[in-house]
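**Student:** can you look at this prediction? I've put the sequence above it.
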Amino acid sequence: MSHTIVTTTTTTSSTSNGGFCNLGYARSYQGLLKIGQMVTLLIAFLCVHCAPGWTDYSAFRYFEVVTAWFLIVFLIFFVMYLLRLQSKIACINWTLTEFLHYAVGGILVFIASIVAAVKSYGVSSLIAGSVFGFMATFLIAISIWTSYKVTCGSQPTGAAV
C-alpha cells in the first residue's frame, strides 16, 4: 500500500511593527481610498450644508443625510481597520459587511448626487456639492470593485484527483 502525505505551510506577515495601531493600513491602497472617500464626502456635505439658499429643502436635506451617514460609516470602518478591531471581532465577516455597505452607499450617494445636480438651479455651492458627490460615488465604485474581487472572486478548489 502506498500512502501520500500532504503538508501545508501558511506564512503570514504584517505591514507594521505589531503594535496597537496598524499605521500600514493608512498607507495602503485600501486605506488611501477610504481616506479619499471620507474627504470627498465631507466636502460634498459641507458644500451643501453651507449653501446660502437651497432651491429644494427636502432634496438637499436628503443629500446631507446620505453623505453624513456614509462619511460616519466609512470613518468607523477606517478606525476599525486602523486599530485592528476586525481581528478581535472574528464572528462577523468584515469583508462581506464592508462590500454590502459600499454597494448600498454607492447607490444612495449616486442618487443623492443626481437629485442635488438637478435641483441646484445654478447655485454654485450646490453644484460643487453634487460634483463632489459624484466623485465620492466614483471612489466608492472603485472600492466596490476591489472588495468584490476579494469577497466574491474565484476561489481555488482543494480537490485534487
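**Tutor:** Looks like it came in fine. Numbers count the residues shown, from 1 in each chain.

**Student:** can you give me phi and psi for Y121?
**Tutor:** With angles defined as degrees, to the nearest 10, Y121 sits at phi 50, psi 40.

**Student:** so what's it up against?
**Tutor:** By CB atoms under 8 Å, 6 or more residues apart in numbering, Y121 lies in contact with T55. C-betas here are computed from N, CA, C, even on glycine.

**Student:** distance check, it against T55.
**Tutor:** Note on Y121: its distance to T55, by CB to CB, to the nearest Å, is 5 Å.

**Student:** and stretch 55-75, how far from the chain's centre?
**Tutor:** With CA atoms, centre = their mean, to the nearest Å as the basis, stretch 55-75 stands 16 Å off its chain's centre.

**Student:** show me which residues of the helix or strand of the chain with the lowest mean pLDDT are buried.
**Tutor:** Counting by mean pLDDT, DSSP states H and E, the chain has its least confident helix or strand at helix 85-88, which shows a mean of 83. For helix 85-88, burial by neighbour count (16 or more other CB atoms under 10 Å) applies to Q86.

**Student:** who's in contact with it?
**Tutor:** With contact meaning CB under 8 Å, 6+ apart, helix 85-88 is reached by 79-80, 92, 94.

**Student:** could I get those as JSON lines with neighbour count?
**Tutor:** Shown next, in JSON lines, are those (neighbours: other CB atoms under 10 Å):
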{"residue": "V79", "neighbour count": "10"}
{"residue": "M80", "neighbour count": "17"}
{"residue": "I92", "neighbour count": "9"}
{"residue": "W94", "neighbour count": "15"}
